[in-house]
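# What shape does this take:
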Amino acid sequence: MRIDAHQHFWTLARGDYGWLTPELGPIHRDFGPEDLSPLLARHGIIRTILVQAAPTQAETAFLLDIAARTPFIAGVVGWCDFDAPDADSRIARLSGNPLLVGLRPMVHDISDVNWLAKPTLAPVFDAMIAHDLVFDALLRPQHIDPMLRVLDRHPALSVVIDHAAKPDLVSGDITGWREGITALAAHSNTVCKLSGLVTEAAPDWTLDILRPIVEHLLASFGPERLIWGSDWPVVTLRADYDRWFDAASALLAGLTEPQRLAIFGGTARRIYLSHRGRD
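Okay, here's the model as predicted:
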């Protein structure tokens, strides 16, 4: 089963997408299942993981409603206010919806670089463990050290690193990123999404720009702990769905068929769906 483990939908009139401004041109419009469905069919992708794009529980409810009406959506990674005094209770309530498979604070938009490592968030992560929810970690390289502290404190937390922690592919300075990825991969409860890379690169990106990143991810996590996602429609800022799918396929062409199947669906199914009874 091929799974796109990272895609978004939004309706601009909802008004809670602070980052989604008119300057983002091609993606500053509504996107829904009818837009994505033909792209999935073209590549034999059967199911998807729908990921939050706004830091509100109202948007999570909006996504869960879409998921309930859309057969190809296998699960939703939503949002919860981790700083709320009753965050653990909120997580318990949200987890009652079997379509909710994970939560994702928008860490890379939070001004406090060390926010993730705050001791006050410990009950939040404990609640996620108790309710079998995946933590999607939306990081940049500067957030890796705080994430490592979370992993040390919560070894039972299931963590998915979004967009490979966003290496800086414009400057090409990836030394710190490489070290951070190696450290994250040393924790067996982490997997990493092969997604969002082209939007970290210049518009004229090539496979040669992406290849060192993918090779380091393979060396660090291994194929069995990598998950492919399109990051559609954000990806269209740099490439259409087809081009990113083809690029990822080319970069992984040297793997065995079982290894490719793991990256393009098997690992996402295991991490997000099996434990929630959604597979």
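
# May I have stretch 198-215 as CSV, with CA atoms only?
Extracted C-alpha coordinates of stretch 198-215, given in CSV (Å, rounded to 0.1, in the frame of the first residue of the first chain):
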residue,chain,number,x,y,z
VAL,A,198,12.6,20.9,-2.3
THR,A,199,11.0,23.8,-0.5
GLU,A,200,14.3,24.3,1.4
ALA,A,201,16.2,24.4,-1.8
ALA,A,202,16.6,27.1,-4.5
PRO,A,203,14.1,27.2,-7.3
ASP,A,204,16.6,25.6,-9.7
TRP,A,205,17.2,22.5,-7.4
THR,A,206,18.5,19.3,-8.9
LEU,A,207,18.8,15.7,-7.8
ASP,A,208,22.4,16.4,-7.1
ILE,A,209,21.4,19.0,-4.5
LEU,A,210,19.1,16.5,-2.7
ARG,A,211,21.3,13.4,-3.0
PRO,A,212,23.7,14.1,-0.1
ILE,A,213,20.7,14.7,2.2
VAL,A,214,18.9,11.5,1.2
GLU,A,215,22.1,9.5,1.5
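
# Let me see the mean pLDDT of it.
Mean pLDDT, computed over stretch 198-215, is 97.

# List the buried residues in that stretch.
Neighbour-count burial for stretch 198-215 flags 198-201, 205, 209-210, 213-214 (criterion: 16 or more other Cβ atoms under 10 Å). For glycine as for every other residue, the C-beta is placed from the backbone atoms N, C-alpha and C.

# In terms of helices and strands, where is residue 90?
In the assignment (DSSP states H and E), residue 90 maps to helix 87-94.

# one step back: filter the buried residues of stretch 198-215 down to the ones in helices?
Per DSSP state H, helices hold the following members of the buried residues of stretch 198-215: 209-210, 213-214.

# separation between the most centrally placed residue in the chain and residue 130?
By Cα atoms, centre = their mean, the chain has its centre lying nearest to residue 162, at 3.9 Å. From residue 162 across to residue 130, the span is 23 Å (Cβ to Cβ, to the nearest Å).

# Just the CA trace of stretch 237-248, in CSV.
C-alpha atoms of stretch 237-248 as CSV (Å, rounded to 0.1, in the frame of the first residue of the first chain):
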residue,chain,number,x,y,z
LEU,A,237,6.3,26.3,-4.5
ARG,A,238,9.2,24.4,-6.0
ALA,A,239,7.8,21.4,-7.9
ASP,A,240,4.6,19.8,-8.8
TYR,A,241,3.5,16.5,-7.2
ASP,A,242,4.7,14.4,-10.1
ARG,A,243,8.2,15.9,-10.1
TRP,A,244,8.8,15.4,-6.4
PHE,A,245,7.5,11.8,-6.5
ASP,A,246,9.7,11.1,-9.5
ALA,A,247,12.7,12.7,-7.8
ALA,A,248,12.3,10.7,-4.6
